[in-house]
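**Student:** pasting the structure only:
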């Protein structure tokens, strides 16, 4: 039996695994797919997300963007810029593979599991039954995305909403000359995006309504209009789990993190920051539950944490739910602010974007993003 099983080896899962392994816990990562795998994700890493990685990912960065073009509809486009990067562009499959390799080097076990049949919380441990084996652990972290099987099996009343995205890559000459761009000319509640990646552009559609009718045709027409090509590569749609501010995704010995917990923000659809943040919070909560009073704040792991949950009595491991509730309080507050901001932007797009176009506002936000601040810190001038 291992200390912690983590289902989902993306940013949330590997972030939790890395911190748990650093404290001496045994960790088994399960994922539906072998790595490397093509992961649908625009691959924009904000400065606040970059600061959360416990290891250097600079070798993965394809391009740094110091300006963002905003295209309202109607209205004139304007540019938000800063001397420091506002976003770092990566290929998501490279990031996931790199992160998995890092945790495996620290001792994590990794296994491809095609189907989770059941998850049963016993009195003293958890049993995860797959199509061909039974895995036992003291704790379980569900980090398996917006369509989480862990959430469905263990948190049936935890509702996660879905925003939808559709993306593709296109080859253009000198893609580095293109700006990072959010284009709000799309009908409905959402936007088109353009992310330069050095040797290509990643373009896509984001919709907050969760409507399943995002069509490849819309993306083809947009690419034809903007870049004179209809040749799209690696077209893929995916859901973003949102709405996690409304509940605490932790009960018993099972914790949810990232999109599985609805920890994506529904303003622009950023998910990697909240995946990392909540994955690390889940790790802290488990360690904290095993070492009462160990975490006075969110600054990191103290030196006096016990080296392993299986220290003296592995079958009497305490519940981490209360500790996780405390750990994610700031995350939930920030997600509420994103939710309110999204309602304002998509209900009154002309007014909201005109306000943002004023230098007083967009310079403040540009500096905040470049400094790695959260939305709450920027709005409250912290």
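**Tutor:** Sure, I can see it. Only a predicted model underlies this, so the values are computations on that prediction, with no experimental measurement involved. Residues are numbered from 1 along each chain as shown.

**Student:** mind listing the strands for the stretch 201-350 of the chain?
**Tutor:** Taking DSSP state E, counting those that start in this stretch as the test, the strands found in the stretch 201-350 of the chain are 201-207, 233-242, 250-251, 254-256.

**Student:** Kindly present those strands as JSON lines, with separate columns for distance to residue 2, mean neighbour count and mean pLDDT.
**Tutor:** C-beta: built from backbone N, CA, C; applies to glycine. Formatted as JSON lines, those follow (distance: least, C-beta to C-beta, whole Å; neighbours: other C-beta atoms under 10 Å; pLDDT from 0 to 100):
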{"stretch": "strand 201-207", "distance to residue 2": "37", "mean neighbour count": "23", "mean pLDDT": "92"}
{"stretch": "strand 233-242", "distance to residue 2": "26", "mean neighbour count": "19", "mean pLDDT": "90"}
{"stretch": "strand 250-251", "distance to residue 2": "19", "mean neighbour count": "22", "mean pLDDT": "74"}
{"stretch": "strand 254-256", "distance to residue 2": "15", "mean neighbour count": "31", "mean pLDDT": "95"}
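
**Student:** and those as CSV, adding distance to residue 91?
**Tutor:** CSV is the format used below for the strands of the stretch 201-350 of the chain (distance: least, C-beta to C-beta, whole Å):
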stretch, distance to residue 91
strand 201-207, 9
strand 233-242, 10
strand 250-251, 32
strand 254-256, 26
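
**Student:** and of those, who's closest to residue 339?
**Tutor:** Closest approach to residue 339 among these (C-beta to C-beta): strand 233-242, 7.8 Å.

**Student:** between the strands of the stretch 201-350 of the chain, which one is nearest to residue 374?
**Tutor:** Nearest of the strands of the stretch 201-350 of the chain (C-beta to C-beta): strand 233-242, 16.3 Å.

**Student:** So which elements touch the closest one?
**Tutor:** strand 161-170 (3 or more C-beta pairs under 8 Å, 6 or more residues apart in numbering; DSSP states H and E).

**Student:** that older thread, just tell me which of the strands of the stretch 201-350 of the chain ends up closest to residue 4.
**Tutor:** strand 254-256 (9.6 Å).

**Student:** Listing partners with orientation, what would you give for the closest one?
**Tutor:** Paired neighbours of strand 254-256 in the sheet (DSSP bridges): strand 134-142 (parallel), strand 250-251 (antiparallel).

**Student:** so how far is residue 68 from the closest residue to residue 39 other than its chain neighbours?
**Tutor:** In this structure, residue 39 finds its nearest non-sequential neighbour in residue 92, 4.4 Å apart by C-beta to C-beta, 6 or more residues apart in numbering. Distance, residue 92 to residue 68, using C-beta to C-beta, to the nearest Å: 20 Å.

**Student:** residues touching the nearest residue to residue 283 once chain neighbours are set aside, list them.
**Tutor:** Closest residue in space to residue 283, ignoring its immediate chain neighbours: residue 19 at 3.8 Å, by C-beta to C-beta, 6+ apart. Residues in contact with residue 19 (C-beta atoms under 8 Å, 6 or more residues apart in numbering) are 54, 279, 280, 283, 284, 287, 301.

**Student:** and of the residues you listed, the nearest to residue 117?
**Tutor:** Out of these, the member with the shortest distance to residue 117 (by C-beta to C-beta) is residue 279, at 24.7 Å.
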